[in-house]
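Q: Whatever this is, show me its structure:
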Amino acid sequence: MTLIDSIRLWMDTNPQLAPWAVLGTMIVSFLFARYVVGRGLVWLTKSTKNEWDDVLIKHMHPNRLSWVAPFAVIYAFAYLWPQYAPTLQIFALFFILWIVVLTLTSMLTAVNLIYESRANYSGVAIQGYLDLGKMLLLAVGVILSISVISGRSPLLLLGGLGALTAVLLLIFQDTILSLVASVQIAANDLVKEGDWIEVPAFGADGDVSNMSLHTVKVQNFDMTFTVIPTHKLLDVSFKNWRGMSQSGGRRVKRAISLDIQSVRFCTAEEMSKLKQRPLLKDFFANKPDQLTNVSVFMAYVEAYLRQRQDVKKDQTIMVRQLDPGPTGLPIEVYIFTTTTAWPEYEAIQASIFDHLLAIVPEFGLRVFQNPTGADFSSFGSNVAG
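A: This next block holds a predicted model:
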């Protein structure tokens, strides 16, 4: 005979003491579950070096789970009050069911935290799938709750849902679209947590801080947040800068405009002077004596870029002319820096163009600039003089 059978036999032979015995059993079982089992689990997790078990127990909520014990006692001894037994059992099962459902959903949250805290976490989020799992648990909880209250089989309830399929599809339209989008994003490796993305349609420009089933959360560089519906991310164009980060180099694509009127052939004196520059020795070795100042300047710029330690040599280094126009002749620099960090990148870019703007006059060239008020003032003074 088991302990439960012995307790039931005793209560059957002592009906006047049964209510107090049930109440005492409820209290003892609750205290044992909370202060022995619950605190024992917490103590065990704290005594280990792993952190994942601490997260798991924290989200398990042992104090909440300990309420299963007294409700189980109510369910087991409800037969002592035949007129109330069905109601008491429904009441106990209902609360046990939802305590278990809430515990399982919390455990899925813990699984996500453990997954993302791994040392080798690559940014591929599983929160969307876990959110779907939570929704399924809640749906099962609702169906089982209706089954417990109505006394009907849950299979019959599921069969009756067929008529409501169209309504359910309408209600959960965004969820279904988000699930499909999450699968496509994960399968094609389009976006991961930590990626820098630009989504002009939503004004987002920053790092992906969180990806869930329904939303993608982006922290912009001005420290604001933009929340984008997951399924909308596939409906609009966006740019992912992950490739730039992984390559280790960030592109510089900027031009300076030269005054076309300053473009001419170099004089013999200028050629002799320019040949003394160390960066141009290789260029002049196989070149004719008659060269334009623009071609010499471009050769100098390329040689200058190639000798800089902060410019990647294994990626494109190019100096080219763009179409001349009303703002002069653009000379474009196309290179990649050795860092992708924003402040360092801007400092390298500024250093390069500071040097180029300062060296332009050495080649008999002028940087194009629209006239300013000071220019007109000076012109007026010269005319008056």
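Q: Point out where the protein drops to low pLDDT.
A: Filtered on pLDDT under 70, the chain yields the residue ranges 1-18, 122-125, 154-171, 372-385.
Q: Against which helices or strands is the longest helix along it packed?
A: In terms of residue count, the longest helix belonging to the chain (DSSP state H) is helix 85-116. Helix 85-116 makes packing contacts with helix 52-60, helix 62-65, helix 68-77, helix 127-150 when contacts are defined by 3 or more Cβ pairs under 8 Å, 6 or more residues apart in numbering; DSSP states H and E. To be clear about C-beta, it is placed using only N, CA and C from the backbone, and glycine gets the same treatment.
Q: Now tell me what touches the second one from outside.
A: The reference is to helix 62-65. Residues from elsewhere that reach helix 62-65, judged by Cβ atoms under 8 Å, 6 or more residues apart in numbering: 33-34, 37-39, 41-42, 99, 102-103.
Q: of the residues you listed, buried ones?
A: The neighbour count (16 or more other Cβ atoms under 10 Å) marks 33-34, 38, 41-42, 99, 102-103 as buried among the contacts of helix 62-65.
Q: and of those residues, the nearest to R152?
A: When the buried ones among the contacts of helix 62-65 are compared for distance to R152 (Cβ to Cβ), I99 wins out at 22.5 Å.
Q: Could you pull up the residues touching that closest one?
A: Contact analysis of I99 by Cβ under 8 Å, 6+ apart lists 64-65, 67-68, 71.
Q: tell me the strands in the chain, going along the chain?
A: Taking DSSP state E to define them, one finds strands in the chain at 196-199, 204-211, 215-220, 225-229, 239-240, 250-258, 318-321, 329-337.
Q: okay, those in a markdown table with distance to E346 and mean neighbour count next?
A: Below are the strands of the chain laid out as a markdown table (distance: least, Cβ to Cβ, whole Å; neighbours: other Cβ atoms under 10 Å):
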| stretch | distance to E346 | mean neighbour count |
| --- | --- | --- |
| strand 196-199 | 15 | 19 |
| strand 204-211 | 16 | 19 |
| strand 215-220 | 18 | 20 |
| strand 225-229 | 23 | 15 |
| strand 239-240 | 19 | 14 |
| strand 250-258 | 10 | 18 |
| strand 318-321 | 20 | 14 |
| strand 329-337 | 10 | 20 |
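Q: Turn those into a markdown table, columns for distance to G364.
A: Formatted as a markdown table, these follow (distance: least, Cβ to Cβ, whole Å):
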| stretch | distance to G364 |
| --- | --- |
| strand 196-199 | 41 |
| strand 204-211 | 42 |
| strand 215-220 | 46 |
| strand 225-229 | 50 |
| strand 239-240 | 41 |
| strand 250-258 | 11 |
| strand 318-321 | 17 |
| strand 329-337 | 14 |
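Q: For S178, find the nearest of these.
A: With Cβ to Cβ as the yardstick, what comes closest out of those is strand 225-229 (7.0 Å).
Q: What is the closest one packed up against?
A: Strand 225-229 sits against strand 204-211, strand 215-220, with contacts defined as 3+ Cβ pairs under 8 Å, 6+ apart.
Q: Need the residues that contact it.
A: With contacts defined as Cβ under 8 Å, 6+ apart, strand 225-229 is touched by 174, 178, 199, 202-204, 206, 209, 214-220.
Q: that older thread, among the strands of the chain, which is nearest F368?
A: Closest to F368 of these is strand 250-258 (Cβ to Cβ; 4.2 Å).
Q: circling back: ok, which of the helices and strands packed on strand 225-229 comes nearest V236?
A: For the helices and strands packed on strand 225-229, the distance to V236 is smallest for strand 204-211, at 10.1 Å, taking Cβ to Cβ.
Q: Touching the closest one from outside, list them.
A: Contact partners of strand 204-211, identified using Cβ under 8 Å, 6+ apart, comprise 123, 125, 127-128, 182, 185, 191-199, 216-221, 225-226, 228, 230, 238.
Q: Would you mind measuring from D222 to L233?
A: Counting by Cβ to Cβ, to the nearest Å, the gap from D222 to L233 is 21 Å.
Q: A76 now?
A: The value you get for A76 to L233, if Cβ to Cβ is used, is 51 Å.
Q: Compare the two (neighbour count), which wins?
A: For A76 versus L233, the count of surrounding residues by other Cβ atoms under 10 Å is larger for L233: 24 against 16.
Q: sorry, back to before: so which of the contacts of strand 225-229 comes closest to V311?
A: Nearest to V311 among these: G206, at 26.9 Å, using Cβ to Cβ.
Q: I'd like the contacts of I99 laid out as CSV, including neighbour count and distance to A358.
A: Putting the contacts of I99 into CSV (neighbours: other Cβ atoms under 10 Å; distance: Cβ to Cβ, whole Å) gives the following:
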residue, neighbour count, distance to A358
R64, 14, 70
L65, 19, 72
W67, 15, 76
V68, 19, 77
F71, 21, 81
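Q: and those as a markdown table, adding distance to S257?
A: Formatted as a markdown table, the contacts of I99 follow (distance: Cβ to Cβ, whole Å):
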| residue | distance to S257 |
| --- | --- |
| R64 | 69 |
| L65 | 71 |
| W67 | 75 |
| V68 | 76 |
| F71 | 79 |
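Q: Thank you, goodbye.
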